[in-house]
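Visitor: Pasting the sequence and the predicted coordinates here, then a few questions.
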Amino acid sequence: MKPRTIAVASPHGRYDVVIGPGVLDSLGQTARSVSAARMAVLVADDTTGELFGQRAAGSLEKAGFRVERLTVPPGETSKSWRRAGDVLESFSERGLARDDLVVALGGGVVGDLAGFCAATYMRGVGLIQVPTTLLAQVDSSIGGKTGVDLPRGKNLAGAFWQPLAVIADTACLVSLSDEDWRSGLAEVAKSAILDGEEAVRTLEAEAARLVRREPAVVESAVIMAASLKARVVSADEREAHDREALNYGHTLGHAIERVAGYGAVAHGVAVADGIRFAARLAELVGGSDPAWTRRQSDLLDVLGLRRGECPYDAQALVASMYADKKVRGGEVRFVLSDGPGRWRVQAIDEATLLTELRGVCGTGH
Ligand SMILES: NC(=O)c1ccc[n+]([C@@H]2O[C@H](COP(=O)([O-])OP(=O)(O)OC[C@H]3O[C@@H](n4cnc5c(N)ncnc54)[C@H](O)[C@@H]3O)[C@@H](O)[C@H]2O)c1
């Protein structure tokens, strides 16, 4: 299969997202086409370094880069201020220069951490994203958001730093755990809902094959979702308007993850429940068709994202939503969908949120 290239426009120029099985082996060639760097620092976590580090480094070396490898422990705890400091110090110890390159090889954690370090080292060095999780291929590697967590919350320190290229090798996804696969599937469902009727219909038809990770179906789902993300961020780098759509399902999803304690609930399950809740709200406050709510929920079901139990206190979920950094002017804003491809943002008052959450969350009172 021939790789697909999607162009992303950014205020600093355009870059390509290259998608397909095996494109990891063209990393060096692609990197050389966008950078005259002497050295590339390849940042991975222990897992992605072990699985793909050799191939990535080999491809870069073949294209004439001197490669330095850095690994961090897998998982969200590596997205910390302290770890970013360690990575920055390693950059300087290894002699990374202003016109050299950082290559982020891994999921969203590595992409956000290495991207943030690339944005800040010497006020910014070139970055190539090589996403290896479904979530990173369809979402986090595109659009230039980078950052680390602080003790008081996720992504509280960050920078916009656009990559020079994104290399998404869909064949790398076969080794992902089921949980990480589902996290990405929730983003794929979100993308189809925002994209429109054709994307929803295709995903409904191919959902079972996507769950089985059939290569052709995986590739077309990544292309659909990455294209949507590319279109949205090309129009709106800084989340002034269009980019807000990408939060569909995430307002409650993030609150569930925070209240449950990070890692206790799979991100995909939390986002899927967030989508179901937003769909209910759209019916309630906007009169959207109940059949659309059911259709979204059924799609999530076939993707293996069944409704999670909600043993959380409704009040705690609402408090968590108000504490979110995306709250504007003291209002919790929800992305609501009235149908495939149609969305708007609406502030929902606290009383409505509490009443509705008490309807779906077990112990909330
Ligand atoms: N920057 C953005 O726009 C943006 C958007 C969405 C999410 N995010 C961030 O992304 C992070 C989550 O990303 P994630 O879900 O990719 O998690 P992750 O990076 O932690 O990866 C999940 C796990 O999968 C492993 N892994 C990665 N690739 C693998 C492969 N091909 N085979 C087997 N195992 C593999 C990793 O080692 C890790 O243990 C969060 O920190 C979130 O805040 C950022």
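Guide: Cool, the structure landed. Numbers count the residues shown, from 1 in each chain.

Visitor: Quick check: which element contains Thr146?
Guide: Applying DSSP states H and E as the criterion places Thr146 in strand 145-150.

Visitor: Can you tell me the closest non-neighbouring residue to Arg32?
Guide: With C-beta to C-beta, 6 or more residues apart in numbering as the criterion, Arg32 has its nearest non-adjacent residue at 4.2 Å, and that residue is Ala63. Using the backbone N, CA and C atoms, a C-beta is placed for each residue, glycine as well.

Visitor: Could you double-check that the one you found lies in contact with Gly28?
Guide: Yes: Ala63 lies in contact with Gly28 (C-beta atoms under 8 Å); the separation is 3.1 Å.

Visitor: more neighbours, those two?
Guide: For Ala63 versus Gly28, neighbours defined as other C-beta atoms under 10 Å are more numerous around Gly28 (22 against 17).

Visitor: Ile142 versus that one, what's the distance?
Guide: Relative to Ile142, Gly28 is positioned 21 Å away (criterion: C-beta to C-beta, to the nearest Å).

Visitor: ok, now Ala279?
Guide: Distance from Ala279 to Ile142, by C-beta to C-beta: 25 Å.

Visitor: near the ligand, which residues of the stretch 51-200 of the chain show up?
Guide: 51, 74-76, 79, 106-110, 112, 132-133, 135-136, 139-140, 143, 145, 154-155, 172-173, 175-176, 180, 183 (C-beta under 6 Å from any ligand atom).

Visitor: Among those residues, name the ones in helices.
Guide: If you go by DSSP state H, these have Leu51, Gly108, Val109, Val110, Asp112, Leu135, Asp180, Ser183 in helices.

Visitor: So what's the residue count around the second one?
Guide: The one in question is Gly108. Other residues near Gly108 number 24, with proximity taken as other C-beta under 10 Å.

Visitor: That one contacts Thr132, doesn't it?
Guide: No: between Gly108 and Thr132 there is no contact under C-beta under 8 Å: 10.0 Å.

Visitor: mind listing the helices for this structure?
Guide: Secondary structure of the chain (DSSP H): helices located at 27-34, 46-62, 81-93, 108-120, 134-135, 178-195, 197-211, 215-235, 250-260, 267-286, 290-302, 314-323, 350-360.

Visitor: Are there helices or strands packed against the fourth one, and which ones?
Guide: In terms of contacts (3 or more C-beta pairs under 8 Å, 6 or more residues apart in numbering; DSSP states H and E), helix 108-120 is packed against strand 39-45, helix 81-93, strand 101-106, strand 126-131, strand 145-150, strand 153-160.

Visitor: worst average pLDDT in those?
Guide: Per-stretch mean pLDDT for these is lowest at strand 153-160 (a mean of 92).

Visitor: Please work out the angle formed by the directions of it and helix 215-235.
Guide: 70 degrees (axes from the mean of the first three to the mean of the last three C-alpha atoms, to 10 degrees).

Visitor: Residues contacting strand 153-160, please?
Guide: For strand 153-160, contacts defined as C-beta atoms under 8 Å, 6 or more residues apart in numbering pick out 76, 79, 81, 112, 116, 119-120, 144-150, 237-238, 254, 262, 323, 325.

Visitor: Quick one: residues contacting the residue nearest to Arg32.
Guide: Gly28, Gln29, Ala31, Arg32.

Visitor: Go through these and single out the one with the most neighbours.
Guide: That'd be Ala31 among the contacts of Ala63, by other C-beta under 10 Å, with 25 neighbours.

Visitor: so what's the residue nearest to that residue when sequence neighbours are not counted bridging to?
Guide: Nearest-residue entry for Ala31: Ile128, 5.6 Å, with adjacent residues in sequence omitted and distances by C-beta to C-beta, 6+ apart. Ile128 has these beta-bridge partners by DSSP bridges: Val103, Ala165.

Visitor: Let me know whether Ile128 touches Trp161 as I believe.
Guide: No: look at Ile128 against Trp161 with C-beta under 8 Å: they stay out of range, at 11.8 Å.

Visitor: between these two, who's got more neighbours?
Guide: Shown here are Ile128 and Trp161; by other C-beta under 10 Å, Ile128 has more neighbours (28 against 22).

Visitor: so where's this structure uncertain?
Guide: 237-241, 325-326, 362-365 (pLDDT under 70).

Visitor: Let's see that with 90 instead.
Guide: Residue ranges of the chain with pLDDT under 90: 1-2, 11-13, 151-154, 235-243, 257-258, 261-269, 286-287, 306-312, 323-331, 359-365.

Visitor: one step back: any chance of the helices and strands packed on helix 108-120 in TSV, with distance to Ile275 too?
Guide: Below are those laid out as TSV (distance: least, C-beta to C-beta, whole Å):
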stretch	distance to Ile275
strand 39-45	28
helix 81-93	31
strand 101-106	26
strand 126-131	22
strand 145-150	21
strand 153-160	19
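
Visitor: ok so, going back, show the buried residues in the residues of the stretch 51-200 of the chain next to the ligand.
Guide: Listed as buried from those are 51, 74, 79, 106-110, 112, 132-133, 135-136, 139-140, 143, 145, 154, 172-173, 176, 180, 183; burial here means 16 or more other C-beta atoms under 10 Å.
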